[in-house]
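Provided below for reference: sequence and predicted model.
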Amino acid sequence: MISKIISLLFLLTIFLIFFLPIKDTDFGWHYRCGNEILNGDTTCLYQNTYTYYLEGYKWAYPRLIYDTSLSLVYDHFGPVGVSFLGASIMTISFCLVLITFSGSSALKAILISLSILGGWSIYNLGYRSQSTSFLFLAMEILILRKPKLIWLLPVLFAVWANTHPGFFLGPIVFALYIFIEKRSLKNIIIFIISCFATFINPYGWKIYEEVFRHFFTPLNTLIAEWVAPGTNQILAIIGSFIFLTILLIKKRVKPGYLFFLAIIFGIMAISARRNLPLYYFVLVPVFLEIIPVFTNEIMNIFAISILPIICLILLINTAQITNLGIYPDIPIDYFKNKSGNVFNTYEWGGFLIWKLPNMKFFVDGRMPAWPTENHKSPYTVFLEILQARPGWNETLQKYNTNYIFIAPGTFLDLELKNNQGLKYGWNEEYRSQTTVIYKKI
């Protein structure tokens with residue numbers, strides 16, 4: 001009875017922890033694309049129609065299911081519905097871990113709590129397409145623990161490949177399982193079928209191009225989410241490896257495929273902080289495989305005492321569910337009945353694409369890994385203009401920019417304000433504490 005109470009309380013706690021407001025800066029373009037698809041226009045799946053910089057760029061990014069489901073939920077239930085969806089997906093993901101492995105419910109609760117804490121710097125960004133990969137990963141681990149269900153993997157991979165670029169993790173996990181755990185003809189055949197199942201998407205095999213492009217583009221020098229984590233996180237990853245190794249030696253347990261998967265995810269986490277949740281997520285089943293029976297009454301008491309406290313503390317998240325405060329105070333009336341090309345702040349791109357469909361923008365969260373004629377990341381080009389580096393105005397003129405929409409106090413704003421913009425051909429049209437608009441003369 002105590003075990004069931006702990007499990008139920010813990011699942012409720014997880015749901016409340018992940019019941020977060022929308023903070024994803026890419027939410028807007030995901031929503032708009034999903035809305036267009038549902039209305040019969042699938043152009044956004046294949047071609048860039050939202051920005052005038054790299055306009056017409058053709059890409060293969062797996063998001064069909066995510067975008068359409070996001071649009072449906074938001075249209076029917078608003079931001080609260082999106083928060084509910086995100087919390088449900090993460091709760092189900094961790095619930096699958098709970099039911100997949102045996103052992104003390106208190107131990108599972110504590111391990112998962114530490115896992116969430118370790119990845120919270122990314123988790124707290126709210127529901128994003130990345131969240132779906134945790135669900136698919138948990139489902140794959142469950143299927144691999146139950147050999148009779150292994151024929152479901154091709155279906156899982158096909159759905160995954162239409163939802164998030166993290167689908168490439170599926171074949172890696174399966175390959176490790178076959179190589180380390182069960183090398184059989186049956187598993188190899190299912191593996192091959194599963195890999196081909198990832199080609200069942202709007203792009204076929206080209207879906208892997210975007211994945212490889214992200215690997216070979218130095219995003220860690222451009223985007224904050226892709227930089228290496230802090231020293232404490234790196235030490236925590238290394239320390240957990242050492243602790244796991246000691247446990248394996250002490251208990252004389254042969255390392256399974258999950259241990260080697262944790263090594264891969266650990267390397268990914270050290271190279272980019274966005275992968276921290278992935279590492280800590282898989283660390284839980286690794287520990288549970290090594291120490292499945294570690295029951296202790298004190299641990300049960302600790303879990304029952306601490307989880308409600310954590311739950312109450314994190315309830316403050318729900319107070320801001322309807323707040324989209326990460327976005328600028330957009331002067332919608334100014335852009336009413338207007339059209340044209342807008343140089344915008346990178347982080348605002350997704351939101352502007354959603355709210356101002358009559359305009360075209362310079363850059364958004366889809367673009368950092370896209371190739372350009374000068375072999376620079378689009379994000380680098382954006383920074384060079386925002387920092388008013390030599391040639392910034394020529395670049396804006398080259399791409400027929402009509403408006404500049406940025407935050408006040410940036411180098412570009414300082415270069416243009418106080419009538420200095422007139423010599424460059426720009427006139428200030430609007431200014432607030434969060435935004436400033438210049439119009440081409």
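Good, I have the coordinates.

what's near enough to touch the closest residue to I188 other than its chain neighbours?
Leaving aside its chain neighbours, I188 sits nearest to I178 (6.5 Å; criterion: CB to CB, 6 or more residues apart in numbering). Using the backbone N, CA and C atoms, a C-beta is placed for each residue, glycine as well. Contacts for I178 (CB atoms under 8 Å, 6 or more residues apart in numbering) come out as 184, 187-188, 191.

quick check: which element contains I178?
helix 169-180 (DSSP states H and E).

okay, the nearest residue to F179 once chain neighbours are set aside and K182: tell me how far apart.
Excluding its sequence neighbours, the residue lying closest to F179 (CB to CB, 6+ apart) is Y257, at 7.5 Å. Going from Y257 to K182 by CB to CB, to the nearest Å gives 9 Å.

more crowded one of these two?
Set Y257 next to K182 and count neighbours by other CB atoms under 10 Å: Y257 wins out with 21 against 14.

show me what contacts the more buried one?
Taking CB under 8 Å, 6+ apart, we find Y257 in contact with 144, 173, 176-177, 179-181.

ok, now with 6 Å
176-177, 180-181 (CB atoms under 6 Å, 6 or more residues apart in numbering).

swap in G340?
The neighbourhood of G340, defined by CB under 6 Å, 6+ apart, consists of N402.

at 8 Å instead, please
Per CB under 8 Å, 6+ apart, neighbours of G340: 359-360, 402-403.

now, the residues you listed that are in strands?
Counting by DSSP state E, the members of those that fall within strands are 359-360, 403.

run through the stretch 251-400 of the chain and note the low-pLDDT ranges.
292-328 (pLDDT under 70).

hey, where'd the strands end up in it?
Secondary structure of the stretch 251-400 of the chain by DSSP state E, counting those that start in this stretch: the strands cover 340-344, 359-361.

so which of those strands is nearest L386?
Nearest of the strands of the stretch 251-400 of the chain to L386, taken as CB to CB: strand 340-344 at 8.5 Å.

that older thread, buried subset of the contacts of I178, written for PyMOL?
For the buried members of these, the matching PyMOL selection, counting by 16 or more other CB atoms under 10 Å, is:
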select buried, resi 187+191
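
closest to S105 out of the contacts of I178?
Taking CB to CB as the measure, S105 sits nearest to N187 out of the contacts of I178, at 31.4 Å.

so K439 belongs to a strand, correct?
Yes - under DSSP: H, G, I helix; E, B strand; the rest coil, K439 sits within a strand.

leaving aside the residues adjacent along the chain, what's closest to it?
Nearest one to K439, counting by CB to CB, 6+ apart, is E429 at 4.7 Å.

cheers, nothing more for now.
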